[in-house]
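1. no sequence on hand, only this structure:
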């Protein structure tokens with residue numbers, strides 16, 4: 001299993017709780033909340049792609 005999966009889950013739980021608080025707070029602009037969610041998704045996809053690429057390079061170097 002990719003080591004980023006449990007790490008992403010571990011990081012996502014408190015971020016989700018913070019996101020719920022931000023989303024339900026009337027003083028927070030909704031655009032700010034959506035921008036933070038989009039940023040987290042983009043960074044998670046980028047980290048997954050880098051991890052996948054590194055594992056493929058390591059696998060190729062073993063052969």
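-> Received it, and whenever you're ready, just let me know what you need. Bear in mind the structure is a predicted one, so any value in this text is a computation, not a measurement.
2. okay, now residue 60: neighbour count?
-> Using other C-beta atoms under 10 Å, residue 60 has 8 neighbouring residues. For the C-beta atoms, the positions are set from N, CA and C on the backbone; glycine is no exception.
3. ok, it - contacts?
-> Going by C-beta atoms under 8 Å, 6 or more residues apart in numbering, residue 60 touches no other residue.
4. and the gap between it and residue 42?
-> Residue 60 sits 27 Å away from residue 42, going by C-beta to C-beta, to the nearest Å.
5. now residue 6
-> Distance of residue 6 to residue 42, given as C-beta to C-beta: 20 Å.
6. give me the three-state assignment for residue 26.
-> Assigned with DSSP: H, G, I helix; E, B strand; the rest coil, residue 26 falls in the coil class.
7. please work out how many residues are found near it.
-> With other C-beta under 10 Å as criterion, residue 26 counts 4.
8. residue 30 too?
-> Here the count is done by other C-beta under 10 Å, and residue 30 has 9 residues near it.
9. so who does it touch?
-> Each residue near residue 30 by C-beta under 8 Å, 6+ apart is listed here: residue 23.
10. kindly state the pLDDT recorded for it?
-> With respect to pLDDT, residue 30 scores 80.
11. how close does it sit to residue 52?
-> 33 Å.
12. and if you look at residue 37?
-> Look at residue 37 and residue 52: by C-beta to C-beta, they are 23 Å apart.
13. more crowded one of the two?
-> In this view residue 37 and residue 52 are compared by other C-beta under 10 Å, and residue 37 has more residues nearby, 15 against 12.
14. tell me which residues of the helix ranked longest in the chain are tucked away?
-> What stands out as the longest helix in the chain, according to DSSP state H, is helix 30-62. Buried positions in helix 30-62, judged by neighbour count with 16 or more other C-beta atoms under 10 Å: 33, 40.
15. tell me how far it lies from the chain's centre.
-> Helix 30-62 sits 7 Å away from the centroid of its parent chain (C-alpha atoms, centre = their mean, to the nearest Å).
16. ok, now stretch 13-33?
-> 16 Å.
17. what does the pLDDT read for the spatially most central residue of the chain?
-> The centre of the chain sits closest to residue 44, judged by C-alpha atoms, centre = their mean, with a distance of 3.2 Å. If you check residue 44, the pLDDT there is 82.
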